[in-house]
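Visitor: Predicted model follows, preceded by the sequence.
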Amino acid sequence: MILYLHGGPGGFSTLQHHRYRNVLEPDYLIAYLDQRGCGQSSAIDGTDQLTMTQYLRDLQLVVQQLLDRYAKPGLNLMGDSWGASYGFLYVLKHPSQVVTLISNGGVADAPYGYRNLIEKEKELARGLLTETRNEKEIAEYRRMITALERIERSSFDDFYAATRLIKRTIPRQLNFNPYRVNSHGGPPSEEVLADAGVDLETAKGFFTKGRVVNEAFRTDPAFNNLNMVNRLADIAIPVLVIQGDGDYSIGIDQARIIFAGLTERHPGNKELAIVPNAGHDTADENPEVVFPLLRGFLERYNL
């Protein structure tokens, strides 16, 4: 049994069934969780319940209900992006209820990820600065570098606006996508939407709800400065760590940092996979590599 944890915070799981129905579902029961305030879960008024502490309580309720309903001693957690970080936090708190953990684009050291991305963007901006003689462009690149340096020096305590700047606005100005190696394919196809049982307008509504959740987390210093690298050595269960080789959205060496922490005391059952020609969504950009990784890992370690 697998419990899938979506990214964000503020994403949703609705469309993932189409991705895994022919890959994992023939052999595994998969539960797709829409986290509090996200996707098909109820919208939340206010932000008091949109915290990591509340989310961990929520996940414990979901896990226990699944284990009781299907009479299982433990389940496999599979998370993308924030969902993988969520999985790490849960395993650290409830290690006995999880059989394996799959981290696809997960983060254990958030400040490292910000600084790594900022350094990459400063490098790109400086390169463009040397190539232009246009005074307007020169001024723009200089303003960009100054803004990046200001963010780099900050405490990251309130990081919502800064996140949008370094992950959305500045990348567009630099013609750089920190999330993807290949161009994006656009909105979900009619086939994917039909498989999920939603229409495009409903899916767009999920994104609107997600921004509320994301802003709540991104204004929480505990989330923005999350660093659990030194705690990862406590995780004894098997873990598969996946990251695309072009994923600057979380820091290009985030997976290696996670793997080093995991293997400090329990090296035998930890696996690291850097996926070629892929960014943050490795399963979308290089499924031919990722799907066999998932199946092989679960075949080796699932109870």
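Guide: Here it is on my side, so go on. Numbering: from 1, shown residues only.

Visitor: all helices in the stretch 151-300 of the chain, in order from the N-terminus.
Guide: 160-164, 170-174, 190-196, 200-218, 221-224, 254-262, 282-285, 287-301 (DSSP state H, counting those that start in this stretch).

Visitor: Just put those in JSON lines and tack on mean pLDDT, distance to M1 and mean neighbour count.
Guide: C-beta: built from backbone N, CA, C; applies to glycine. Listed next are the helices of the stretch 151-300 of the chain as JSON lines, based on pLDDT from 0 to 100; distance: least, C-beta to C-beta, whole Å; neighbours: other C-beta atoms under 10 Å:
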{"stretch": "helix 160-164", "mean pLDDT": "95", "distance to M1": "34", "mean neighbour count": "16"}
{"stretch": "helix 170-174", "mean pLDDT": "96", "distance to M1": "38", "mean neighbour count": "17"}
{"stretch": "helix 190-196", "mean pLDDT": "85", "distance to M1": "21", "mean neighbour count": "15"}
{"stretch": "helix 200-218", "mean pLDDT": "93", "distance to M1": "25", "mean neighbour count": "17"}
{"stretch": "helix 221-224", "mean pLDDT": "96", "distance to M1": "28", "mean neighbour count": "16"}
{"stretch": "helix 254-262", "mean pLDDT": "98", "distance to M1": "23", "mean neighbour count": "22"}
{"stretch": "helix 282-285", "mean pLDDT": "95", "distance to M1": "20", "mean neighbour count": "22"}
{"stretch": "helix 287-301", "mean pLDDT": "97", "distance to M1": "11", "mean neighbour count": "16"}
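
Visitor: so which of those comes closest to A43?
Guide: In terms of C-beta to C-beta, the element of the helices of the stretch 151-300 of the chain nearest to A43 is helix 200-218, at 5.6 Å.

Visitor: Now tell me what touches the closest one from outside.
Guide: 8-12, 14-15, 35-40, 43-44, 47, 50-52, 158-160, 163, 187-188, 193, 196, 223-224 (C-beta atoms under 8 Å, 6 or more residues apart in numbering).

Visitor: again, only using 7 Å
Guide: The list of residues contacting helix 200-218 from outside it, by C-beta atoms under 7 Å, 6 or more residues apart in numbering, reads 8-12, 14, 37-39, 43, 47, 50, 159-160, 163, 187-188, 193, 223-224.

Visitor: Show me which of these are buried.
Guide: Neighbour-count burial (16 or more other C-beta atoms under 10 Å) is assigned, among the contacts of helix 200-218, to 8-12, 14, 37-39, 50, 159-160, 163, 188, 193, 223-224.

Visitor: Sketch out the low-pLDDT regions of the stretch 101-250 of the chain for me.
Guide: 185 (pLDDT under 70).

Visitor: how about the strands of it, start to end?
Guide: In the stretch 101-250 of the chain, the strands defined using DSSP state E, counting those that start in this stretch lie at 239-244.

Visitor: Mind checking which residue lies nearest the centre of this protein?
Guide: Against the mean C-alpha coordinate of the chain, by C-alpha atoms, centre = their mean, the closest residue is S81 at 0.9 Å.
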